Each structure stands twice: as structure tokens, then as C-alpha cells.
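Undergrad: make a model of this:
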Amino acid sequence: MHILVITPTIFSLLMIFFIHRTQSAGICPSFSCNHPRKYFPIHFPFRVPRNQSKRCGYPRFDLSCSSDRETCLRLPSSPSEPLVIKEIDYADQIVWVSDPNGCVPKRVMNLNLTGSPYMSGPYSVEYTLLSCSGPVDPTQLPAGSSVVRCLSEQDFTAVLTFEKEAEEKLVNLKGQCHVTKRVVAPLWWRGLAYGVYPMDMSDVLIQLRWELPGCGDCVVRGGSCGFIGDSGLDVGCFLLGGNGLSPSYIPGLPRSAKYGLILGAGMPGLLFMIGLSFYLSSRVRAYNQSRNHANAESSSTITPQPIILTLGLDDPTIESYPKTVLGESKRLPKLSDGTCPICLSEYQPKETLRAIPDCNHYFHVECIDEWLRMNATCPLCRNSPQKSSENGS
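TA: Presented below is the predicted three-dimensional model:
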């Protein structure tokens with residue numbers, strides 16, 4: 001009888017304790033703007049401030065939902081012009097965005113990522129925008145170039161080229177085309193990796209990526225990434241099944257009402273379990289009170305333990321990767337272009353480059369060393385040289 005009297009009170013306290021610990025561990029429910037034709041979950045490091053708590057997202061990763069339920073991203077450099085998110089790859093930490101006005105080339109001409117957690121995606125290359133007099137038939141353009149309808153007018157056509165040879169052909173075409181601007185931009189479209197170019201570049205996508213927080217490996221392992229504790233920016237990987245004790249977000253209700261709904265929904269089953277545990281505990285306490293009191297206390301406070309991931313490589317491993325000093329020709333084996341994919345600067349003679357084993361992708365030594373200290377994969381192909389060397393040994 002004594003157990004039945006105290007059980008509801010203890011049950012309520014334990015439920016609030018578990019909920020608090022689970023929330024503080026960074027396990028938050030996902031959210032979606034619920035676009036009728038495109039659904040994808042929004043979860044850590046992203047959050048929608050109007051619908052999710054502050055600890056559900058990393059600083060500067062705030063998103064918003066538009067009136068037509070599109071998921072939007074605002075860059076600090078252009079706060080009045082949001083970009084529309086088309087897809088998020090949480091494993092590779094890449095986000096694809098488009099221009100709501102349907103003119104991505106216009107946006108990338110003045111794209112400024114300063115103050116944001118994003119950087120250009122791995123396919124960022126230099127493009128040349130040309131203005132050609134009169135209408136231009138896109139099927140007659142040289143390979144490696146496309147028209148930009150959204151930037152064209154009745155008396156001229158905007159053309160975007162991806163190759164120097166195409167630019168030279170257009171400029172030498174009876175003086176009809178002249179260069180307007182050159183820009184390094186992270187443009188992306190399906191077929192880019194296979195050399196298939198769209199006839200109109202107006203509505204392609206912008207590919208952005210982020211490095212911190214580094215949750216890609218956690219996602220691959222099937223874990224949930226989130227903050228550790230109630231404060232600070234330490235991030236952990238929680239390998240849990242289902243949603244645990246994380247409460248779903250209920251808009252428009254105060255915190256006490258949410259807890260009331262959660263307690264009411266789970267009370268019957270959990271009340272029985274806690275009553276049973278108290279019964280067993282009282283029987284065992286008569287045999288060995290001090291030892292089993294400690295066991296009962298530890299069993300009632302089990303919480304998910306975060307696994308802190310070490311994602312980068314150590315300096316000896318990095319130094320083992322081959323270096324190459326460029327000569328005057330600046331030629332390298334299997335080098336796709338003369339630009340470092342990380343800092344986007346052209347290679348110069350006498351510079352020292354480092355290659356990633358197996359894939360043989362080259363980068364400035366200082367660029368790739370800093371990258372590998374935080375990531376164990378190649379920035380271009382996501383190959384893991386560490387795993388390759390371990391498998392081969």
C-alpha cells in the first residue's frame with residue numbers, strides 16, 4: 001500500500017528527469033516545411049527558429065519556411081533575398097539551393113558567403129559570362145557553353161562558358177560576343193559530373209557545403225548528431241534506436257502542457273514498470289540494503305551516452321602522403337585543372353602540393369593538411385585514404 005501511494009509522485013519526477021536529460025543531450029525531433037511536392041527532414045545542425053528550440057540547431061544554421069512551404073536559407077550578405085533549399089545531404093554535408101526568381105547565374109555573380117558557415121561546393125570552377133548581339137541559337141554554340149535566358153534581352157543574348165576554348169571561339173566570332181564578367185561559382189546540375197551541359201543555365205542549382213559541425217560520419221553510422229549538455233557548442237553522436245524519450249514539438253502549447261500530454265500518454269505502461277521495480281527493490285533491500293540501494297539509483301539514471309568522434313587524421317599520417325613541387329610547366333599527373341579545389345587559387349611554379357593516396361587528387365599542402373586534420377576523406381571524391389591503407393596493410 002505504501003508503494004501505491006508514492007508511485008505517481010516518483011513516476012512524475014522520473015519522467016521529467018528523463019525528458020530533461022534527453023533534451024539536454026541534444027536529441028531533437030526533426031521538422032519539415034511540408035512542401036506538397038518535396039519532403040525532406042530538417043534536423044541538426046539546421047533548425048527553424050519558429051518551430052524548434054535553440055538547442056536543436058547549430059549557430060548560423062537557421063532556416064525558415066516560406067508562405068508556399070518552401071524551405072529557405074538566408075545568407076548574411078543578402079538578408080532580403082532568401083535561397084530555396086532543394087536538397088540536403090547530411091552525410092556529405094552538402095546543401096543544394098536555387099533562386100526563387102529562377103535566375104541562379106545572376107545570384108552567383110555577387111555571391112558572398114562571408115559571415116555564413118558555408119563554402120563553395122566541390123564542383124566550384126571559373127565561368128565566363130559573355131554578351132552576344134542579337135538572338136543566339138543554343139544548338140549552334142560551341143561545346144562547353146550555354147545561353148542564360150534570364151539575363152538576355154531582345155537585342156542581346158547572355159552566354160555562359162565553362163571552357164577557355166569555347167570563350168575564344170565566341171569572342172572571335174565576327175566580334176559578336178564580348179566578355180562581361182568572370183566568376184568562380186559553385187554551380188551544379190544533374191549531369192555535371194558526366195560533362196552534360198543544360199541548354200539554358202537560368203535555373204541550375206548552387207552547391208554549398210559546410211565543415212563544422214562535422215556530423216557526416218555520425219549520420220553514416222546511423223546516429224543522431226546534437227549538442228552535449230545544456231550549454232556550450234560541444235557536439236556528440238548519439239547511437240540510439242527510435243526517438244528515445246525526446247518529446248515531439250507541439251506548436252502553440254506552453255512547456256507545462258507539452259509535459260502533461262507526454263506524461264498522460266505514457267503513464268499506464270510506465271506506471272506498471274516503475275511499480276514493479278519498486279516492489280523488487282524493496283524485496284532485495286531486505287537482503288542487502290546498501291549495495292542494492294546504489295544499484296537501484298544507478299538503474300534509474302541511465303541516459304544515452306554520447307560518442308565523441310575524432311574525424312580527422314593525425315600529423316604523422318598526413319605527412320606520409322606524397323608531396324610534389326611544381327615546375328615551370330605546372331603539370332601534374334591526373335590533374336584536372338590548375339586550381340586548388342579548396343582555396344580556388346591557381347597553382348604557381350615552385351609551390352608544394354600534396355596528393356591523396358589512391359585517388360591522386362592534388363591540393364596545396366597548407367590547404368589539404370588543414371582539411372585532413374578535421375576530415376579523414378578527400379574533399380573532392382570523399383575517398384578515405386586512411387581506410388584504404390588499413391585494408392591494404
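Undergrad: could I get the full set of strands for the stretch 101-250 of the chain?
TA: Using DSSP state E, counting those that start in this stretch, the strands of the stretch 101-250 of the chain run over 119-120, 125-133, 145-147, 156-161, 177-185, 187-188, 205-209, 224-227, 235-238.
Undergrad: all helices of the protein, in order?
TA: 2-24, 104-109, 164-171, 216-220, 255-287, 289-299, 315-319, 365-374, 385-392 (DSSP state H).
Undergrad: by mean pLDDT, show me the worst of these.
TA: Here the lowest mean pLDDT among the helices of the chain goes to helix 2-24, at a mean of 45.
Undergrad: can you give me the distance of the residue nearest to the spatial centre of the chain to Asn375?
TA: In the chain, the C-alpha nearest the mean C-alpha coordinate belongs to Gln93, at 3.0 Å (CA atoms, centre = their mean). Distance check for Gln93 against Asn375: by CB to CB, to the nearest Å, it reads 9 Å. Bear in mind the C-beta positions are built from the backbone N, C-alpha and C, glycine included.
Undergrad: can you pull the contacts of Tyr90?
TA: Residues in contact with Tyr90 (CB atoms under 8 Å, 6 or more residues apart in numbering) are His43, Cys215, Gly216, Val219.
Undergrad: got it, and Cys33?
TA: So Cys33 contacts Ile42, Val48, Cys65, Ser66, Arg69, Glu70, Thr71 (CB under 8 Å, 6+ apart).
Undergrad: 10 Å instead?
TA: Residues near Cys33 by CB atoms under 10 Å, 6 or more residues apart in numbering: 39-40, 42, 48, 51, 63-66, 68-72, 85.
Undergrad: and which of the residues you listed is nearest Arg285?
TA: Asn51 (46.3 Å; CB to CB).
Undergrad: show me the contacts for the closest one.
TA: With CB under 10 Å, 6+ apart, Asn51 has these contacts: Pro29, Phe31, Ser32, Cys33, Ile42, Leu63, Ser64, Cys65, Tyr249, Pro251.
Undergrad: ok, which pair from those is furthest apart?
TA: So, the contacts of Asn51 by CB to CB: farthest apart are Pro29 and Ser64, at 18.0 Å.
Undergrad: ok, which of the strands of the stretch 101-250 of the chain comes nearest Pro59?
TA: Across the strands of the stretch 101-250 of the chain, Pro59 has its closest neighbour in strand 224-227 (10.7 Å, CB to CB).
Undergrad: what's the closest one packed up against?
TA: Judged by 3 or more CB pairs under 10 Å, 6 or more residues apart in numbering; DSSP states H and E, the packing partners of strand 224-227 are helix 2-24, helix 216-220, strand 235-238.
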